[in-house]
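kindly generate the corresponding structure for this input.
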Amino acid sequence: MVHLTEYKKGLVAALSCYIIWGVLPLYWKLLEGTGAYEILAHRIIWSFVFMTILLGVLGMGPLLTSTIRDFLHHRTKGLLMVSASLLITANWCIFIWAVTHDHIVDSSFGYYINPLVSVLLGVFLFHERLSGLKWASIAIAFLGITGMSLQLGRLPLVSVGLALTFALYGAAKKKLHINPFISITLETLLVLPMALGYALWLYASGEGHFLAGSSMTDWLFVGAGIVTATPLVLFSTGANHLPLNVLGFCQYLSPSLSLLLGIFLYHEPFSMVQLTGFATIWTALLVFSVSDFREQRRKDS
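Numbering: from 1, shown residues only. Predicted coordinates:
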């Protein structure tokens, strides 16, 4: 009974997390007129502020201090932390740019292929072994991306950029083995000087939108920290109470919601070429999921 209660708690947290991530384009669209880089700067600033408050409430200040000391004494860990910070910043930047420039469909495609890119990185960086079906899923995804690129006459840079940055970010985090709350605090801290500098420069030059007369815009900028940190807290809860295969399945909820928003709410183009590309990726993910489910059953038996 206790196990079932914990499972339900984890499932609600995971689903809530991925729903928030899936509808996040709605939030960034409200700030569309301010510019992607200004949104990014304030997302970093207010995420750091919110996470600092959260760590204080949770009594995790000493853990943050000891983690910083550890990184200062171990160069490899420090470099990995810097890499993670730059990668998640790049990922946020690409995603915000995509949303504010009518490329939500492309961003959803990127997050569909992200799990497969992560698996491929696991092979090369962590020497993980894959079953034949998982190799087949990666081959199908590669053919889908290649075919779509040839038909469009260009590489889907937004999609590939999002998938690569997030997969590499995940790989860096795997090597670090760090508390997620501490991690996001340090990641935003490391790029905070650049974000603050850019925001102050915009304000001084009269080109910034923060404290420029619109209280709604001001609150949306401040709220960027909350909408960034809240799903992280929910994800951490879900990860602690759910099996990895269930958590992995839930992750497809986010790009699915974003795809629906892009097509039906913002009326972004969705051609037969794109439909074919998506169908190929969905097939690859289905093959991968079947293989993963079989592996999990063998481990449990």
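
hang on, isn't His101 packed against Ala36?
Yes. Using CB atoms under 8 Å, His101 is in contact with Ala36, at 7.5 Å. Glycine gets a C-beta too; all of them are placed from N, C-alpha and C.

buried stuff in stretch 61-74?
By 16 or more other CB atoms under 10 Å, the buried positions in stretch 61-74 come out as 64, 67-68, 71.

how far off centre is stretch 219-238?
12 Å (CA atoms, centre = their mean, to the nearest Å).

contacts for that stretch next, please.
9-11, 13-18, 20-21, 24, 27, 30-31, 39, 42-43, 45-51, 54, 180-181, 184, 209-210, 247, 250 (CB atoms under 8 Å, 6 or more residues apart in numbering).

okay, it in CSV with CA atoms only?
This file holds the C-alpha atoms of stretch 219-238, laid out as CSV (Å, rounded to 0.1, in the frame of the first residue of the first chain):
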residue,chain,number,x,y,z
TRP,A,219,6.2,39.9,-13.4
LEU,A,220,6.5,37.5,-16.4
PHE,A,221,10.3,38.0,-16.3
VAL,A,222,10.4,37.3,-12.5
GLY,A,223,8.1,34.4,-13.0
ALA,A,224,10.6,32.8,-15.4
GLY,A,225,12.5,31.6,-12.4
ILE,A,226,9.4,29.9,-11.0
VAL,A,227,8.4,28.2,-14.3
THR,A,228,12.0,27.0,-14.6
ALA,A,229,12.5,25.6,-11.1
THR,A,230,9.0,24.2,-10.4
PRO,A,231,9.2,21.4,-13.0
LEU,A,232,12.7,20.6,-11.8
VAL,A,233,11.3,20.0,-8.3
LEU,A,234,8.5,17.9,-9.7
PHE,A,235,10.9,15.9,-11.9
SER,A,236,13.1,15.2,-8.9
THR,A,237,10.1,13.9,-7.0
GLY,A,238,9.0,11.7,-9.9
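
which parts of it are buried?
Using 16+ other CB under 10 Å as the test for burial, stretch 219-238 gives 220-221, 223-225, 227-229, 231-238.

also stretch 136-151?
Across stretch 136-151, burial judged by 16+ other CB under 10 Å covers 137-138, 140-141, 144-145, 148-149.

about what we covered before: which of the buried residues of stretch 61-74 fall in helices?
Using DSSP state H, the subset of the buried residues of stretch 61-74 located in helices is 64, 67-68, 71.

my guess is Val273 contacts Gln151, does it?
Yes. Contact criterion CB under 8 Å: Val273 and Gln151 qualify, at 4.5 Å.

which residues of the stretch 51-200 of the chain score low on pLDDT?
Within the stretch 51-200 of the chain, the stretches with pLDDT under 70 are 152.

all helices of it, in order?
Assigned by DSSP state H, counting those that start in this stretch, the stretch 51-200 of the chain shows helices spanning 61-73, 75-100, 104-126, 132-152, 157-176, 180-204.

nearest to Trp282, of those?
Proximity to Trp282 (CB to CB) singles out helix 104-126 among the helices of the stretch 51-200 of the chain, at 7.5 Å.

if we can go back for a sec, tell me the one of the buried residues of stretch 219-238 nearest Ala84?
Leu232 (13.6 Å).
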